[in-house]
Every structure is written in structure tokens, then in C-alpha cells.
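[1] Sequence first, predicted model second:
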Amino acid sequence: MRHLTLGNIADLIGAELIGDASYPVNGLATLASALPHQVSFLANMKYASQLAYSQAGAVILNRDQAKLFAGHCLLLDNPYLGYAKLSQAFAPAFGFKGIDASAQIHSTASIGKEVNLAAGVVIGEGVILGDKVSIGANSVVGSRCVIGSNTSLAANVTLYHDIVVGEACIIHSGAIIGADGFGFAKDGQDWVKISQLGGVTLGDHVEVGAGTSIDRGALDNTIIGHGVKLDNQVQIAHNVELGDYTAVAGCTAIAGSTKLGKHCTIAGACGITGHLTLADGVHVTAMSLVTHSISEAGAYSSGTGLDKNQKWRRNAARFKQLDQMAKRIKQLEFEMNQLQG
Amino acid sequence: MRHLTLGNIADLIGAELIGDASYPVNGLATLASALPHQVSFLANMKYASQLAYSQAGAVILNRDQAKLFAGHCLLLDNPYLGYAKLSQAFAPAFGFKGIDASAQIHSTASIGKEVNLAAGVVIGEGVILGDKVSIGANSVVGSRCVIGSNTSLAANVTLYHDIVVGEACIIHSGAIIGADGFGFAKDGQDWVKISQLGGVTLGDHVEVGAGTSIDRGALDNTIIGHGVKLDNQVQIAHNVELGDYTAVAGCTAIAGSTKLGKHCTIAGACGITGHLTLADGVHVTAMSLVTHSISEAGAYSSGTGLDKNQKWRRNAARFKQLDQMAKRIKQLEFEMNQLQG
Amino acid sequence: MRHLTLGNIADLIGAELIGDASYPVNGLATLASALPHQVSFLANMKYASQLAYSQAGAVILNRDQAKLFAGHCLLLDNPYLGYAKLSQAFAPAFGFKGIDASAQIHSTASIGKEVNLAAGVVIGEGVILGDKVSIGANSVVGSRCVIGSNTSLAANVTLYHDIVVGEACIIHSGAIIGADGFGFAKDGQDWVKISQLGGVTLGDHVEVGAGTSIDRGALDNTIIGHGVKLDNQVQIAHNVELGDYTAVAGCTAIAGSTKLGKHCTIAGACGITGHLTLADGVHVTAMSLVTHSISEAGAYSSGTGLDKNQKWRRNAARFKQLDQMAKRIKQLEFEMNQLQG
């Protein structure tokens, strides 16, 4: 548990403090559950009414809401960003633990300074680990991988051979980087495997969620840009390229050779088919299927809205008659026109 | 292979036996494949005709079907429940094997009685394991986790730090509990990570499928109720709450802070967006997207039915004209009304 | 890096060489990036214009395109198949490394010749491994599994007990074979677990993608045919049967007891509900939901096309009125008919 004063926090997040700079706090909580020695924040106006009742020792909020809270206020134009910065101060510090005796390190690997390798970690031939790299228990790093400084892999991560990971990345458990892309040529009835000879490169400050898979390229590399954020169980196929700062939510699948621009946000459970190009700033809503390239920034969707099953069944049955319905409307318009002379 | 008499089985599942209580059996099989020393069951009437030909030594069925089977009958109102109970009797017994020499246990961990820790297991600082906990090979349990009695983790499971698992839970391989929720604040073009300071709590009798991920909360905990059943590759985002006995089928994704009631069933490949509330007893059909809260129990759906691709293409093209079609119908109705005077 | 002459390659892929059989090459690349000592290929006519500029030392192409390339030509009717075969020649050779000292092998296991077991591998009781089986670091093979010759498991693979894997299979990291199927019987409000007593059998030449899960059968086995190819994060439920050479793309989920025929291709992110039968040669397009059996080969689809979110919202709202719209069209037709006398 870390102890900070409100003065420390104002400095840390760049806020203007209204109140006692020496007031001590030791954590962060929601308005509803915060205690007197915790800080809270107001980022969504629908919770503004909670300010009157919150026991928080201090609240990060913008100037307009400050009058609603009787306690210490930390004023910021973007309280949500202030909360994000402060959350990092209260995150558990992992610290330097060194290399566990059970870690298996190939004699040709190069290990930086202050590297943590937990129990059961396996480091392959020719691997290069930067300074302050931290690798969780039972993770496996294949031959000739290069991992930049300050990057951490959680437990049970798998990197195949020849993967390049940038600096200050976070790779969560169960993530698998560099498995073979799904490539086969038909030979009569049989499938002939296309060996996947490319690699994967991740930029700096990339986060890869739990159980997410990023396949190696067929010939060229699969490329994940700087600052890209991937949620859990995302599937990135071979030779996909994700532009800088693009974010992809859970369970979305992106098929082979598709290129996304920068600053895209793809919501959860989407599918994007192969060999497409999406412009910068494309936003796709949840569970949409993208089947064509998109050249214009903006929000895109597919699918139908949720309904009671009984009502939905009737409408879904009509969907199969849509083309016929359109023709019947056209015919009615023709006949109407004739009647009207 | 376990040996039981029909008398044992009648007691075990609470059935009325018509036949020889000393008749020995050693397994359970479908009507079509059962041999004379195996038990079968009839739970779905479409298989009733197989009773005449089945070689099963005994069949669990209800009183009305007993006349259709010439062999021993185990009478129950709910034969499917009887089958479930009997299946447990024939499951392989894992038994007490103790702690493998290669397991790595932190000196501060507290280990209950008759605990199994397989090869390569890693147990972190301050972990508490109840009695008869069983953990499969190469699983990793992070610092300060608490695991209740009789809970088993299969091989290659990952628990991050500060996770609480109840009693008699089953957690399958590749499950990942406590990875960071997907939270970032925008700072210009960049994403600032929101450290995820909450934990995850699982009730008793929870089952977590292979490759399923349950993220830790941002501030408060992600909460999985008692008796919840999660299939494979389910994604539970940060601060989700699942009510008791709710079941979620494979590949469904539930976004952040959404609360499901008790006794809900969510079919496979669904998406549920964030910050929603679903009442008790909500049922969602396969691959539906839930984008609004649901206050009434019942079945809900979205999507369209399957069709031949050629026909589907025509109808899907018309979907994009639906609003225009509706306006044309309205215009026709107006003109019709005028013509009719 | 492997060195071959164009003569070697012509023999290997069965091509007719136009050029110098002694010309040496050491790799494979796309037309755009190939260097003079690399081979490329032309399989998609939209890249034909790159032939004029490519620096490739040789190109695999069909006779009609040979005139467009000034360098060495490897003539084949199916250049994509030639590329596939050649890719295998340039794949990294893993070779025989033997059994790592940290691998844990049960005393009753039977290990074939030239088997590779990497660091941290755990091999259970009664396991049988064929010749030239290769198992990556920290993978776990449960009791009584049988793995055929020349099959390789990558790192962090999990096989539960009693799984049969054929010859020359490739199983990628994070794949989980043999976890419990999702089976429960209702007992009032509670779920009673149905112990999953069946196994899983995989034919020869099967590939299983990263993070893919294949559940064990409830009573009979889950069956994966010969030459089946499964991409990443596919979910195969208990008692599914996949016919020979069927291929399933990433993130598709197939529910319990469904049988697919031979030579089916299921695109990514599809759902197939339980207890269905699909004929041989069924093709399902991306993110479709299959809810009924299919008796006729061909392509099938569901869903709606992608649109700008603003336009989509209007059309999706109308979807909920479709049944009413159809009735209004019918009413208009009736009234039109009356007016027309």
C-alpha cells in the first residue's frame, strides 16, 4: 500500500488542489466505495449526484463540479486522464527479483540488466532481452526473439522464434505470438501447408491481452504499430498490419493481409475479412463484420438490433423475403402510377 | 474402471429399479453403443426407438418408456439428471498424489491437507490453498490468491495475483483469471494505461472453461456468482458481475461493468456490450448482440437466419434500403388512401 | 538459410525451368520484395504488373505469364501449389535435439525414436509417443495419450488424458485438447455436472491452431478427421465430428454433437449450433450463424452488410418492423387489386 499526500498527487497528475496539500491518502476507489483516505474521480456526469454522499478524501473533477463536493478537490479538465495517471501510482510494484534458479536460459541468449525471469521460464537460442525485461512463470521465448527494455510478459506467454517486441510493452498470459498463419494450397482434395517464413514485429508501448494470438507472416512480417492496444482473445492473422495507436477490443478477429490505419478503434467480437485496407480513424461497432475496404474515417456497423426472440423470429423470417418485398413495392408503385394516370 | 451393481446405482441416483439389484455394470454409454455391462439412459424421446435394439444392461428412463425396454430399468422422472449423477460415479478418480518435487512453492504460501500440485506448478507469495485442492502441471498461481477446498485447476491455468476462488470449483486449462481489464484514457493521440487495481472473486461450484479469460476489476472486483458455469473461450471483462447459476456458452464476450442476473443462460458466440444490466432469467440465443439493458426475463435474439449465399446476397443488399422501403410503403398507403377517396 | 539451385527447385515442385539450372537461390519472397537470390511466385493476377519490376531471381508462374518476366521462370499450372511446396523447403529445420533434462516423463510412458522433448515438458502415465514426435517447452501431455509419429506440439500445448493424435499433425501453442464438454443437468435451480467420459481422436495430418480448444466427448469421442485444418481460437465442443479435409478459420465455434462432412470450409468467426449435420462440401461465409442442418453442398451466409453507422441505425430500426412492413405490402396489394376491379 502506497502513501501519498494530496500535494504529491496534484503534482503527479498536473491538477490544481483545493484543500490541504499534506492530507495523506493510500488508494483509489469509486465515489460510492471510497473511504476518507482514498481518492476518487468524477468522469461520467451520471455519477455527479454521488459527490454529495461520497466519503472520498479527495475527488479528481473539473472546475464546474467542484462546488458539488465538500471535501478536497483536484481540479483537471480531463478527470478521467487524471484517474489513469494516478492509478499507475497505486499499482503493485513488482520490483527486481532476478532470475529464478529453475529458469532455463540458452547459453547464447543475451540478458539485459535488472531482468526478472520467474520459475519455469524458457529462453531460447540467440534471444536478446533488454534491460528491466520481466517474464512471468512458465513463459516460453523462442529462438532469436528480441524483447525491448521495460517490456513485461506475464505468466504462460508463448513467443515462437524470431519475434521482435518493442520497449515498454505488456503481454498478458496465454498470448501467443508467432504461430503459423493459416495458409494451405489445395492439391486435389488435400491441403498442402504453406510454411510461414515471416515473423512478427511489435512497436513500443503495445499491450497484448490474455489469450490473444498474433500469427507470423507468410513471407513478410505481421506488423503491430506503436501504442497499439489489443484486448483479450483477439486474433490477428498473418501479414496483418495495425497502424499506430489502433485499439482492438476482445474477441475480434482480423483475417490475413488486412491493413488497418492509425487511431482506429475496433469494438469487441468484430470480424474483418482478409486483404482489406481500412483508413486512419475508422471505428467499427461491436460484432460488426467488415467485408470491404474503408477509405473514409468514421463509424461503421453491421448486424441487427436485439429483440424479444418471438418478435425477432417473425422479422428474421421476413429478411429472407426482402428482395421479393422490394420488387412488390416497385410493382405497387408502377400500378399506382398507372391508376393515377 | 469402476464396478457397481444396479442396486448401488438405484441408490446413487434415487431411481426405482425394475430388475436384478445384484447385476454388475462397469460403465455408461449411449443406447446405440452400450454393451451388456453398461448402463444407458433415455432423455430425448427421439431416441426412444433405440430401446428395442439397445444391448445396454440397464437403462435410466421414466415410467412411461419402461415397457419399451426388455432389460433392467432404472425409473426416474428426470432420466437426464440421473445420467448426470451416474456419470460422476464413472469419472476417472484422480486421487491423492501429493506435491511434485518440481513444483515451486513460495515459503509464505499456506497449503491445506491432501493437496495435489503437479510438475512445474508455481505457487506465489502468500497464497492460501484449501484442503484437497488439485493443481495441474505448469499452472501458475499468483501472489496472495486464495483457493477454496476441493477446487481443481487443470494444467496450464494462470491466476494472476489477488484472485479468490471458492470451493469445489473446476478451472480448465488455458483459463486466465485476473489479467488487466482493457482500460485506457486518451491523452491526445496516445493511450494512458489505467492500472487495474481490483481483483476477481469466484463463488463456490463455479466451472471455468478452457481458454476462458476473466479480467480483474479496475477498482472494485469482477464478481462471478455461486454455481456459475462458463464454457470455453468466454471473455469476461473487468467489473462484470454474473449472478448465481448463470451459464455462458463458448466464445461469448461480456464487456466491462455489465451485470447479469441469476439463472441467465447466454448461448455461444454472443456479445454483450458494457455497462448494461440484465435481469434474472434472461436467455440470449446464439450469436446475438445485446446492446441495451434487459429488465424482463425471457428469450432475446438478434441477427438474421442462414440462407444460400446467392439468395442471401440479394436480401442483404435490400437491408441497406430498408428505411427507404418503409418510406415508399408509407407513400403508397397515402396515395392509396387518396385514390380510395 | 538453405541453398538450392533452380534445378533442385524445378525437381522439387515439378516445374519446367526456363533458365539456368545451376542458378543458386536461398529464400522465397513476394514479387515486391524479392532479391536476386530469392524465388517468388505469381498466383494472383492482380500482381502481374509487378513482374516487370521484380528483382526476383526466379518466379513460379504459369506459361501464359512467362513472357512478362525477364528472369528465370519456373512454369507450373498451379503456381500457388508450387509456392506451398517450396515454402516447406525453406522452413527452419528443427532437427533432433533429444530430451531436455527438465522434462518430466512418467516411468510408464513409451517414447519413440528421435523424440524431442523441450524444457518443462510433462508426460503423463502410460503415454505413448511415436518416432520423431517433437514437443515444445512447458507442454503437458495427460495420462494415456497416444501421439503418432512425426507429430509436433509447439510450446504450452495441453492434452488432457486419453487423447489420440494421428501422425504428422501440428498442434500450436495454447491449444487445449480434451477439456470437459459443457454438459450439465438442471436440478431445480442448480446445475449438476455431467462428467465427460469420452475422449478425442485426431486423424493424420491435422493442424490445430493457437488457442484452439477441442473438448472431449460426453460418452463417445469427439472426432477430427484426416487432413482437417483448424485455425486459431476455434472452439470444437463435445462429440463434434469433422469430416476429412474440412478447414475451419479463426474464432469459429461449433456446438455439441454437430457433424460436418468432408471438404467443408467454414470461414472465420462463424457459429454452428448443436446437433446439426452438414453435408460434404458445405462452405459458410464469415461470421455466419448456422442453426439448421444443411443437406446440399454450396455456399451459405447470414448477417447483414457493413454500412456507415448512421445509415445502418435507420435500417436496423426498420428490421424490427419487417413483419409489419410485409403485412402492409400485402394489404396494399389487396386494395390495389380491388381498385383495379
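    Yep, that arrived.

[2] only C-alpha atoms for contact and neighbour calcs from this point on.
    Will do.

[3] Tell me which stretches of chain A form helices.
    Counting by DSSP state H, chain A has helices at residues A:6-13, A:79-90, A:309-319, A:322-339.

[4] Go ahead and name everything in contact with the third one.
    With contact meaning C-alpha atoms under 8 Å, 6 or more residues apart in numbering or on different chains, helix A:309-319 is reached by A:306, B:285, B:299-305, B:315, B:319, C:319-323, C:326.

[5] Domain map for chain A?
    Chain A breaks down by automatic domain parsing into domains covering A:4-90, A:157-300, A:310-339.

[6] In TSV, list those along with distance to residue B:267 and mean pLDDT.
    TSV is the format used below for the domains of chain A (distance: least, C-alpha to C-alpha, whole Å; pLDDT from 0 to 100):
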stretch	distance to residue B:267	mean pLDDT
domain A:4-90	32	96
domain A:157-300	14	98
domain A:310-339	16	95
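
[7] which parts of the stretch 1-150 of chain A sit against chain B?
    Within the stretch 1-150 of chain A, the residues that sit near chain B (C-alpha under 8 Å from any C-alpha of the partner chain) are A:28-30, A:80-81, A:83-85, A:87-88, A:90-91, A:119-120, A:137-138.

[8] most neighbours, which of those residues?
    residue A:138 (34 neighbours; other C-alpha atoms under 10 Å in any protein chain shown).

[9] in terms of contact, does it touch residue C:138 like I think?
    Yes: Residue A:138 lies in contact with residue C:138 (C-alpha atoms under 8 Å); the separation is 6.7 Å.

[10] Find residues that contact each of these two.
    Counting by C-alpha under 8 Å, 6+ apart, the common neighbours of residue A:138 and residue C:138 are residue B:138.

[11] From chain C, how far out is the residue nearest the centre of chain A?
    For chain A, the residue nearest the mean C-alpha position is residue A:230 (2.9 Å; C-alpha atoms, centre = their mean). Distance from residue A:230 to chain C, counting by C-alpha to the nearest C-alpha, to the nearest Å: 15 Å.

[12] That residue and residue A:248 touch, don't they?
    Yes: the criterion here is C-alpha under 8 Å, and residue A:230 meets it with residue A:248 at 5.0 Å.

[13] related to what we said a few turns ago, in ChimeraX, how would I select the buried members of the contacts of helix A:309-319?
    Typed into ChimeraX, the line below selects the buried ones among those, using 16 or more other C-alpha atoms under 10 Å in any protein chain shown:
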select /A:306 /B:285,299,300,301,302,303,304,305,315,319 /C:319,320,321,322,323,326
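
[14] winner for burial among the domains of chain A?
    Of these, the one with the most neighbours on average (mean count of other C-alpha atoms under 10 Å in any protein chain shown) is domain A:157-300, at a mean of 24.

[15] So what would you say the end-to-end distance of that one is?
    33 Å (C-alpha to C-alpha, to the nearest Å).

[16] Same check on stretch A:290-308?
    First residue to last in stretch A:290-308 (C-alpha to C-alpha) measures 26 Å.

[17] Next: stretch A:171-179.
    End-to-end distance of stretch A:171-179: 15 Å, with C-alpha to C-alpha as the criterion.

[18] ok, now stretch A:259-268?
    End-to-end span of stretch A:259-268 (C-alpha to C-alpha): 18 Å.

[19] try stretch A:201-214
    Terminal residues of stretch A:201-214 lie 10 Å apart, using C-alpha to C-alpha.

[20] Spit out the contact partners of the residue nearest to the centre of chain A.
    The contact partners of residue A:230, by C-alpha under 8 Å, 6+ apart, come to A:206-209, A:212, A:247-250.

[21] residues in contact with stretch A:102-120?
    Outside stretch A:102-120, the residues touching it (C-alpha under 8 Å, 6+ apart) are A:96-101, A:121-139, B:104, B:120, B:122, C:119-120.

[22] got the residues of the stretch 101-250 of chain A near chain C?
    A:104, A:120, A:122, A:138, A:140, A:156, A:158, A:174, A:176, A:179-180, A:182, A:184-187, A:189-197, A:211, A:213, A:219-220, A:233, A:235.

[23] what about the closest residue to residue A:322 other than its chain neighbours, distance to residue A:323?
    Take residue A:322 and drop its neighbours on the chain: the residue closest to it by C-alpha to C-alpha, 6 or more residues apart in numbering or on different chains is residue B:315, 5.2 Å away. Distance, residue B:315 to residue A:323, by C-alpha to C-alpha: 5 Å.

[24] same deal with residue A:176?
    Relative to residue A:323, residue A:176 is positioned 44 Å away (C-alpha to C-alpha).

[25] what does residue A:61 give?
    As judged by C-alpha to C-alpha, residue A:61 and residue A:323 stand 53 Å apart.

[26] For chain C, what's the nearest residue on the stretch 101-250 of chain A?
    Residue nearest to chain C within the stretch 101-250 of chain A: residue A:194 (4.4 Å; C-alpha to the nearest C-alpha).

[27] Residue A:180 is in contact with that residue, correct?
    No: the criterion here is C-alpha under 8 Å, and residue A:194 misses it with residue A:180 at 9.1 Å.

[28] shared neighbours of the two, anything?
    Shared contacts of residue A:194 and residue A:180, defined by C-alpha under 8 Å, 6+ apart, are found at residue A:218.

[29] Run through the bridge partners of residue A:260.
    Beta-bridge pairing for residue A:260 (DSSP bridges): residue A:242, residue A:278.

[30] swap that for residue A:152, sorry
    Bridge pairing for residue A:152 (DSSP bridges) gives the partners residue A:134, residue A:170.

[31] if I look at it, how far off is residue A:115?
    According to C-alpha to C-alpha, residue A:152 and residue A:115 sit 10 Å apart.

[32] Equivalent analysis for residue A:219, please.
    Residue A:219 sits at a distance of 32 Å from residue A:115 (criterion: C-alpha to C-alpha).

[33] now swap in residue A:194 and tell me
    The spacing between residue A:194 and residue A:115, counted by C-alpha to C-alpha, is 37 Å.

[34] Contact residues of the stretch 201-341 of chain A facing chain B?
    Residues of the stretch 201-341 of chain A lying close to chain B (C-alpha under 8 Å from any C-alpha) are A:209-211, A:227, A:231-233, A:245, A:249-251, A:263, A:268-269, A:286-287, A:303-310, A:312, A:316-317, A:319-323, A:326, A:329, A:332-333, A:336, A:340.

[35] quick one: residue A:178 and residue A:212 touch, right?
    No: applying C-alpha under 8 Å as the test, residue A:178 and residue A:212 come out as separate, 11.2 Å apart.

[36] related to what we said a few turns ago, with distance to residue A:162 as added columns, please give the helices of chain A in a markdown table.
    Formatted as a markdown table, those follow (distance: least, C-alpha to C-alpha, whole Å):
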| stretch | distance to residue A:162 |
| --- | --- |
| helix A:6-13 | 39 |
| helix A:79-90 | 32 |
| helix A:309-319 | 48 |
| helix A:322-339 | 51 |
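
[37] just to revisit the earlier point, find residues that contact each of residue A:152 and residue A:115.
    By C-alpha under 8 Å, 6+ apart, the residues touching both residue A:152 and residue A:115 are A:133-134.

[38] Spatially, which residue comes closest to the residue of the stretch 51-200 of chain A at minimum distance from chain B, not counting chain neighbours?
    Residue of the stretch 51-200 of chain A nearest chain B, by C-alpha to the nearest C-alpha: residue A:84 (4.4 Å). Once flanking residues are discounted, residue A:84 sits nearest to residue B:194: 4.4 Å by C-alpha to C-alpha, 6+ apart.

[39] what's near enough to touch the one you found?
    Contact analysis of residue B:194 by C-alpha under 8 Å, 6+ apart lists A:83-85, A:87-88, B:183-185, B:218.

[40] For stretch A:23-32, C-alpha coordinates in CSV please.
    Provided in CSV are the C-alpha atoms of stretch A:23-32 (Å, rounded to 0.1, in the frame of the first residue of the first chain):
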residue,chain,number,x,y,z
TYR,A,23,-3.6,15.3,3.6
PRO,A,24,-2.4,11.7,3.3
VAL,A,25,-4.1,9.1,1.1
ASN,A,26,-3.3,5.5,0.3
GLY,A,27,-5.6,4.4,-2.5
LEU,A,28,-8.1,5.0,-5.2
ALA,A,29,-11.8,4.0,-5.3
THR,A,30,-15.1,4.8,-6.9
LEU,A,31,-17.2,7.6,-5.4
ALA,A,32,-19.6,5.0,-4.0
